[in-house]
Structures are given as C-alpha cells and as structure tokens.
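K.L.:
need coordinates for the below:
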Amino acid sequence: MAKVAVGGTFEYLHDGHKALIKKAFEIAAGGEVYIGLTSNEMARQRSRDVDDYQIRKNNLLQYIEILGFSNKPYLVMKLTDPYGTTLTYDFDYIVVSPETYKVVLGVNELREQDGRSPIKIIIVEYVMADDEVPISSTRIACGEIDKHGNLKI
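P.N.:
Numbers count the residues shown, from 1 in each chain. The predicted structure is shown next:
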C-alpha cells in the first residue's frame, strides 16, 4: 500500500484543494496519507489574512469525513517550512498542483543529494472557475469567485 504526501495552506478549502486531497486518498488505496497543513507563521507571510491553523484543520477534517475517508489511515501535520517531512520520510507519491510542481522537483533533488529515492510526483490539474481561469484562494479572497469557481463580479 502506498504512502502519499500532499500539502498546502488549504485556505477556503476550495474545489482545487478538494481535488488534491481526494486524489491523495485514491492513490493511497488504503495506504497512508500525510497531509501537510501550513502553520500560522508560514501562512501569515502572505499579503492577506489567512484563517487560523485550527480552523483550516477542522475544515480539512470535515471534508475528509464527507469523502468517507475518515476511517482510512491519514495524518495531518503542521508545516513549518516548505518541505515538511518530504526530505526525511520515504513517501511513494506526492500529489501537487501545477503551481507547486517546481517545489517538489527541488524536494527530489535534495532527496537524491541525501541518497534518498525521489518521490513519484502526481500532478492534479487546476480546477477551473466559470471563466476558465484556475480557482485560487487569492481570487476567492478578492471576491472574484466562490469556493466552487462561480463568478461573483
């Protein structure tokens, strides 16, 4: 059974985030899913306010329950740096968006320098809003779209 990593700030827990989480559990196929959730300290480095870690974690746990995966082996871990445990744990897969793909290439480069095997990268394409532009937390924060990509302006 696979050991799968996925991570993010998961602000607003929009449909793009949900696609990442769902894919991680599908790939794990009963194996372990490790979800890295950005700490408040990292999240506050953004140019806007982000909900508290515990709120974002509770939203994530509720979504996992809605998916029916709450009885599957998973762990939500606080991310205090961009890499989390990907440099030290032996994951089979890491699920990313096109936006974070380059970060994971860097992870694999660092792993190989340390004598570790690279993690197989699974890219989940952007989920598009009604205007065919990717759903993003920034767009939601600006009031352009809702969590499902419906236009608000």
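
K.L.:
before we move on, which element is the most centrally placed residue in the chain in?
P.N.:
Within the chain, one residue has its C-alpha closest to the average C-alpha position: by CA atoms, centre = their mean, that is G7, at 3.4 Å. Following DSSP states H and E, the helix or strand that holds G7 is strand 3-8.

K.L.:
for that strand, output the C-alpha coordinates as PDB.
P.N.:
Output in PDB follows, covering the C-alpha atoms of strand 3-8 (Å, rounded to 0.1, in the frame of the first residue of the first chain):
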ATOM      1  CA  LYS A   3       2.400   6.200   1.400                       C
ATOM      2  CA  VAL A   4       1.200   9.500  -0.100                       C
ATOM      3  CA  ALA A   5       2.000  13.200   0.800                       C
ATOM      4  CA  VAL A   6       0.000  16.300  -0.100                       C
ATOM      5  CA  GLY A   7       0.300  19.700   1.400                       C
ATOM      6  CA  GLY A   8      -0.900  23.300   1.400                       C
END
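
K.L.:
now do the helices in the protein.
P.N.:
15-28, 40-43, 53-67, 101-113, 137-141 (DSSP state H).

K.L.:
tell me the mean pLDDT over the third one?
P.N.:
What helix 53-67 shows for mean pLDDT is 96.

K.L.:
re earlier: hey, what's the spatially closest residue to the residue nearest to the centre of the chain that is not a sequence neighbour bridged with?
P.N.:
Using CB to CB, 6 or more residues apart in numbering and skipping the chain neighbours, the partner closest in space to G7 is G36 (3.0 Å). Where C-beta positions appear, they are placed from N, C-alpha and C, glycine not excepted. On the basis of DSSP bridges, G36 is bridged to G7, M77.
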